[in-house]
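Participant: Below is the sequence, then the predicted model.
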Amino acid sequence: MITLETYFDYVILPILAISVMLVFIRLFKGPAVVDRVIALDLIITIGIGIITVYSIRTNQKVFLDVAIILALIAFLGTVAFAYYIEKQKDD
Amino acid sequence: MLTILKNRKMIEIILAVFSTVGAFSTLFAAIGILRMPDFYLRLSVTVKASTLGVGLLLICAAIMFPDVSVTTKAIAIIFFLIITAPIAAHMIGRAAYFTGTPLWKGTIVDELAGMYNEKTHKLESDTEQDTADDSLPTSDNIANTEEETK
């Protein structure tokens, strides 16, 4: 009988880790800058998911505060990148 | 006692289902960003699937901890993600269109072609476009080969 704890450890976390690796390939080879920007955004979003699962596993609810900050940073980073990439073309 | 045990079982099943669906939709977002042929298709796959996946994982955390503060935090993160993800996606897609990121080779119609004023970055309506049609060059962003957008 598989318990919920082992299910989180051996199924959910490996799936999320594989997703981060797949996105990292796109971050590495993306042809344009914008591809890299959305790859970085997706990596941070998956990171929020990993932090959530980890806080469930370790029973530490403090980690969710980190997830809030990461969500904020991902949004601000993407908006800043979009703003400057759009400005860059005028010069 | 029996009802509590049954409840516990119930909650575990709900947690397992939610976390499985969440993890798999995150995985699909990752596969999509790797395999889609074009920046705009990658963007459209990524934003929706990852928001759903992370939202479901956060709901798991909200169910797991029997605490009001955790539930509030989880709902706050989900709300924030749902609000900000489309805004960020729209801004980065707009920036990509202005910088001339090529569309996929198989694109049938690009309704924005020639509609944006290159100088002011304003969207111009169709009626104004008819008079100034000859002066503005209609730029075509659709790629000629698959390799351009890979």
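Facilitator: Cool, got the structure.
Participant: can you give me the helices for chain A?
Facilitator: A:4-7, A:13-29, A:33-58, A:63-88 (DSSP state H).
Participant: What average pLDDT does the first one get?
Facilitator: Mean pLDDT, taken over the full extent of helix A:4-7, equals 90.
Participant: Kindly report the same for the last one.
Facilitator: On average, the pLDDT along helix A:63-88 is 91.
Participant: nearest spatial neighbour of the most centrally placed residue in chain A, skipping sequence neighbours?
Facilitator: Centroid check for chain A by CA atoms, centre = their mean gives residue A:44 as the closest residue, at 2.3 Å. Leaving out its chain neighbours, the residue that sits closest to residue A:44 by CB to CB, 6 or more residues apart in numbering or on different chains is residue A:74, at 4.0 Å. To be clear about C-beta, it is placed using only N, CA and C from the backbone, and glycine gets the same treatment.
Participant: Share the number of residues neighbouring that neighbour, please.
Facilitator: By other CB atoms under 10 Å in any protein chain shown, 22 other residues sit near residue A:74.
Participant: roughly how far apart are it and residue B:108?
Facilitator: Going from residue A:74 to residue B:108 by CB to CB, to the nearest Å gives 33 Å.
Participant: Would you agree residue B:60 is in contact with residue B:17?
Facilitator: No. Residue B:60 lies out of contact with residue B:17 (CB atoms under 8 Å); the separation is 9.5 Å.
Participant: Quick check on those two: which one has the bigger neighbour count.
Facilitator: In terms of neighbours (other CB under 10 Å), residue B:60 is the more surrounded of residue B:60 and residue B:17; the figures are 26 against 12.
Participant: now for the strand or helix carrying that one, which elements pack on it?
Facilitator: Counting by DSSP states H and E, the element that carries residue B:60 is helix B:39-64. Counting contacts by 3 or more CB pairs under 8 Å, 6 or more residues apart in numbering or on different chains; DSSP states H and E, helix B:39-64 is packed against helix A:33-58, helix B:2-35, helix B:68-98.
Participant: Quick one: list the elements packing against the longest one.
Facilitator: If contacts are counted by 3+ CB pairs under 8 Å, 6+ apart, helix B:2-35 sits against helix A:4-7, helix A:13-29, helix A:33-58, helix B:39-64.
Participant: quick one: it to helix A:33-58, angle?
Facilitator: 160 degrees (axes from the mean of the first three to the mean of the last three CA atoms, to 10 degrees).
Participant: And helix B:2-35, what's buried?
Facilitator: Within helix B:2-35, the residues that count as buried by 16 or more other CB atoms under 10 Å in any protein chain shown are B:15-16, B:18-20, B:22-34.
Participant: OK, contacts around residue 77?
Facilitator: Using chain A here. For residue A:77, the contacting residues are A:40-41, A:44, by CB atoms under 8 Å, 6 or more residues apart in numbering or on different chains.
Participant: could you do chain B instead?
Facilitator: Residues near residue B:77 by CB under 8 Å, 6+ apart: A:48, A:64, A:67-68, A:71, B:58.
Participant: hang on, the earlier thing: let's test this: mean pLDDT of the helix holding residue B:60, rounded?
Facilitator: Throughout helix B:39-64, pLDDT has a mean value of 92.
Participant: Now that helix: buried residues?
Facilitator: For helix B:39-64, by 16+ other CB under 10 Å, it's B:39-43, B:45-64.
Participant: Kindly provide the distance from the closest residue to residue B:11 other than its chain neighbours to residue B:70.
Facilitator: Spatial nearest neighbour of residue B:11, chain neighbours left out: residue B:63 (6.4 Å); criterion: CB to CB, 6+ apart. Separation of residue B:63 from residue B:70 (CB to CB): 10 Å.
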